[in-house]
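Student: The following block contains a protein sequence and its predicted model.
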Amino acid sequence: EAGVTQSPTHLIKTRGQQATLRCSPISGHTSVYWYQQALGLGLQFLLWYDEGEERNRGNFPPRFSGRQFPNYSSELNVNALELEDSALYLCASRTGRATDTQYFGPGTRLTVL
Amino acid sequence: GQQLNQSPQSMFIQEGEDVSMNCTSSSIFNTWLWYKQDPGEGPVLLIALYKAGELTSNGRLTAQFGITRKDSFLNISASIPSDVGIYFCAGPPLGYGGSQGNLIFGKGTKLSVKP
């Protein structure tokens, strides 16, 4: 069974540009979560999608947005990039079962110059 | 909001040593999770705890869900070089989404090999 996949692996942008990151969940998983991991910090929750709808978002500005497609894949968009947006962006997926846990992809390393 | 305080921040291990780390919160959690992250990879789930007082093992790893539901411990026995990495505690915050919602993570404990 394939794990969570993310693309691209690395992304370099300049300040003010937009970035789009993509995530494909494990087959059968309907929920997708996005986390930001800045250098030296733990994972900070960004967005949670389930069955195509945004269920919750973390304490991030509106320029962080995303969506979930009918095949449960997801994309994260970051507009008006700032230097401090440089981080590893991790996607996780899970089933809808209450006792299931989140499985993480390898992440996309975003660098803003 | 709910926060997880993880300690120690870093530690050096010598092969064969036992390792202990812990995670505390000022508020209760109904689930405690322990993840390990290797460089360039996403976190991998090691142990999940669902009941206060629960003690669960996964090979050389043992984790406990504190009886107050405000803390958890992870022990690694007889450490080996591949234990090196960053260990995170995590749990779903109380409120919206429950155990199916997002996770809160501690800042991690970085395990390195003693020079």
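Tutor: Great, that's in hand. Quick caveat: nothing in here was measured; it's all calculated off a predicted structure.

Student: Helix, strand or coil: sort out the residue nearest the centre of chain A for me.
Tutor: Taking CA atoms, centre = their mean, the centroid of chain A lies closest to A:Trp34, which sits 3.2 Å from it. Secondary structure state of A:Trp34, per DSSP: H, G, I helix; E, B strand; the rest coil, is strand.

Student: what sits against it?
Tutor: A:Cys23, A:Phe45, A:Leu46, A:Leu47, A:Trp48, A:Gly66, A:Ser74, A:Leu76, A:Tyr89, A:Leu90, A:Cys91 (CB atoms under 8 Å, 6 or more residues apart in numbering or on different chains). (Glycine included, C-beta is placed from N, CA and C.)

Student: ok, A:Thr101 - how many residues close by?
Tutor: 17 (other CB atoms under 10 Å in any protein chain shown).

Student: mind listing what it touches?
Tutor: A:Arg94, B:Leu33, B:Leu45, B:Ala48.

Student: redo that, cut-off 10 Å
Tutor: Contact partners of A:Thr101, counting by CB atoms under 10 Å, 6 or more residues apart in numbering or on different chains, are A:Ala92, A:Arg94, A:Thr95, B:Thr31, B:Leu33, B:Tyr35, B:Leu45, B:Ala48, B:Ala90, B:Pro92, B:Ser99, B:Leu103.

Student: Need those residues in TSV (columns: pLDDT, secondary structure and neighbour count).
Tutor: Listed next are those as TSV, based on pLDDT from 0 to 100; DSSP: H, G, I helix; E, B strand; the rest coil; neighbours: other CB atoms under 10 Å in any protein chain shown:
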residue	pLDDT	secondary structure	neighbour count
A:Ala92	96	strand	27
A:Arg94	92	strand	21
A:Thr95	87	coil	16
B:Thr31	90	coil	20
B:Leu33	94	strand	24
B:Tyr35	96	strand	25
B:Leu45	93	strand	16
B:Ala48	93	strand	20
B:Ala90	94	strand	26
B:Pro92	86	coil	22
B:Ser99	58	helix	16
B:Leu103	89	coil	24
